[in-house]
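Enquirer: I would like the atomic coordinates for the input below:
(chains A and B)
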Amino acid sequence: MASLKDKYAIVGVGHSALGKVPELSDYGLQVTAVKAALDDAGLKKTDVDAVITHSHLLGAVRVHHQNLSERLGIDTAFGVSLSAGGATSCLMVQVAAAAIEAGFCKTVLCVHGDKGATRKTVTRGEGGGEFGPEYGLFGAAGAHAFGLTRHMHEYGTTHDHMGAIAVACRKHAQLNPVAAMQADMTLEDYHNSRWIVWPFHLFDCCLRSDGAAAVIVTSAERAKDMKQKPVYVMGMGQTNNSRGYIWGDHMTELGAKESGAQAFAMAGLKPKDIDTAQIYDCFTYILMATLEDYGFCKKGEGGPFVSGGRIELGGELPTNTSGGMLSECYIEGMLQIVEGVRQLRGECGARQVKDAETAIISGNGGNAVCHSTLILRN
Amino acid sequence: MSDYAKPVPTPSEDSRIYWEATKNHRMMLQRCRACGAFRFPPGEVCPECTSEDYEWTPVSGKGRVFSFVIYHRAYQRGFADELPYVVAVIELEEGPRMLSNVTGCKPEEVRCDMPVEVVYDDITDEVTLPKFRPA
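Expert: Residues are numbered from 1 along each chain as shown, chains lettered A, B, ... in the order given. As a prediction, the model looks like this:
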């Protein structure tokens, strides 16, 4: 992979109203997020010449980037809709950098938003397909939970470990005024939350949310003259365990291992050099496995690693400082990028990681198959 | 049709022979004639060596629970009476893994690496699901 270290920067981030937003359509959420990101960057919509969107909505949409650009009132030099589940977030930034590198465009808007909380539920699994629904395997929780069961079996990982993650995210959410979950959560509350799909409690699972977020990417050269201090993309990686989560050791060793190695190699950094991690936390287990696979600890030692406050603000690796998808809001990883950028700009107030200079961001999707990684610096 | 309330698999062109076999209470998988690998789910090329040369071959129906989960909520009404129920990743002796249910024991008795063997559940006149019980 060509080294694009420090050649591209994130110059604007923004999001819509988050949580329950029944008054806005998904496009309504998306365009308000775009407006916020443009304002943040000090750009006009005509300064953008490319739009990349995440095409997966609960009501999936073809040529989504085209529909969104129409609503924004812009023609673009480059546009594409991506679908790599939760890996799409960081992947959009990577495709943006690659497209600028190729000369297709200069300044790229990356957008995702959905109405996970107030859209009517889409009916699935009623008789269609094979090799899953007939056995009662429904939803993302079941598919991801296999990994935790196996991890517990192989490494002795416990629910106390998962609870430490849920509690850390909740504590961080309480320092974030826009986070959905503001109530106290103790380890006991975690254990008492109902089973969704054993070994996942309710509090192992991320939120269902309405919301959208947008990220603007341009060259480091152009970024120098913009309103915000640029946040540079130091490292990028992506890997797909495309043989599926049930193949080999994929359920316990995510695409994060190779994706993270690529990103660290490009950045020229090691895990000890990272000041804050914003990790795709669709489920507590995925956050823990990602930290292992990124090399913050050895495989199998993720449970002890996330315990004892290590991933909390003030700990060794403050992780998901906004509350994450477990306690802030679920926009399939977009807010992980937004929070990473804001931490590196020093905008996070009560939840600011002191002197944060580097951040690692992850996306993980397609039922724990696709993975993408960004390493950012200020 | 019966009053069976759970999803019934829809065989594809690739999987028709697999489901015909289970209906006759046999498990058959494609075995690659080039490299000898068994594969699942069914497909036209070998995922190990990309050969298109294969034969449908009986397998033992024995294996182990690689991992499992226990559903405590019914996401489809047909499962409401079975809660809690186990969905498992079964690794067959011949190598391939498949999703199925573990029956014949309590959910809390299921363990990773537990030996299991196939049992057949005739869910409709046309379709039979292979499931697994402790061996």
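Enquirer: Residues of chain A that sit close to chain B?
Expert: Residues of chain A lying close to chain B (CB under 8 Å from any CB of the partner chain) are A:125-139, A:142, A:145-147, A:149-150, A:153-154, A:194-200, A:243, A:246-247, A:251. C-beta here means a position set from N, CA and C on the backbone, and glycine is covered the same way.
Enquirer: What parts of chain B come near chain A?
Expert: Residues of chain B lying near chain A (CB under 8 Å from any CB): B:6-12, B:15, B:19, B:41, B:47, B:66-73, B:75-76, B:79, B:82, B:84-85, B:87, B:89, B:97-101, B:107, B:111-113, B:123, B:129, B:131.
Enquirer: ok so, going back, might you specify the subset of the residues of chain A next to chain B located within helices?
Expert: Per DSSP state H, helices hold the following members of the residues of chain A next to chain B: A:G139, A:G142, A:A145, A:F146, A:G147, A:T149, A:R150, A:H153, A:E154.
Enquirer: now those residues in CSV, with pLDDT, neighbour count and distance to A:G235?
Expert: Formatted as CSV, those follow (pLDDT from 0 to 100; neighbours: other CB atoms under 10 Å in any protein chain shown; distance: CB to CB, whole Å):
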residue, pLDDT, neighbour count, distance to A:G235
A:G139, 88, 17, 33
A:G142, 94, 23, 33
A:A145, 97, 27, 30
A:F146, 98, 28, 30
A:G147, 98, 27, 25
A:T149, 98, 28, 32
A:R150, 98, 21, 29
A:H153, 98, 17, 33
A:E154, 98, 15, 29
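Enquirer: what's the closest of those to A:Y8?
Expert: A:G147 (32.5 Å; CB to CB).
Enquirer: Could you measure from that closest one over to A:F200?
Expert: Using CB to CB, to the nearest Å, A:G147 is found at 10 Å from A:F200.
Enquirer: Distance check, the residue in chain B sticking out farthest from the centre against chain A.
Expert: Distance from the centre of chain B peaks at B:A34, with 24.6 Å (CA atoms, centre = their mean). To chain A, B:A34 is 19 Å away according to CB to the nearest CB, to the nearest Å.
Enquirer: Surely that residue touches B:E55?
Expert: No. Using CB atoms under 8 Å, B:A34 is not in contact with B:E55; the gap is 11.2 Å.
Enquirer: which residues are in contact with both of the two?
Expert: Counting by CB atoms under 8 Å, 6 or more residues apart in numbering or on different chains, B:A34 and B:E55 have no shared contacts at all.
Enquirer: quick one: pLDDT of residue 123?
Expert: Let's take chain A. Looking at A:T123, its pLDDT is 47.
Enquirer: wrong one, I was asking about chain B
Expert: Confidence score, pLDDT, at B:I123: 96.
Enquirer: Filter the residues of chain B next to chain A down to the ones in strands?
Expert: Here DSSP state E is the test, and those give B:66-71, B:85, B:87, B:89, B:97-101, B:129, B:131 as lying in strands.
Enquirer: Compare these and tell me which has the most neighbours.
Expert: If you count neighbours using other CB atoms under 10 Å in any protein chain shown, the busiest of those is B:V69, which has 29 neighbours.
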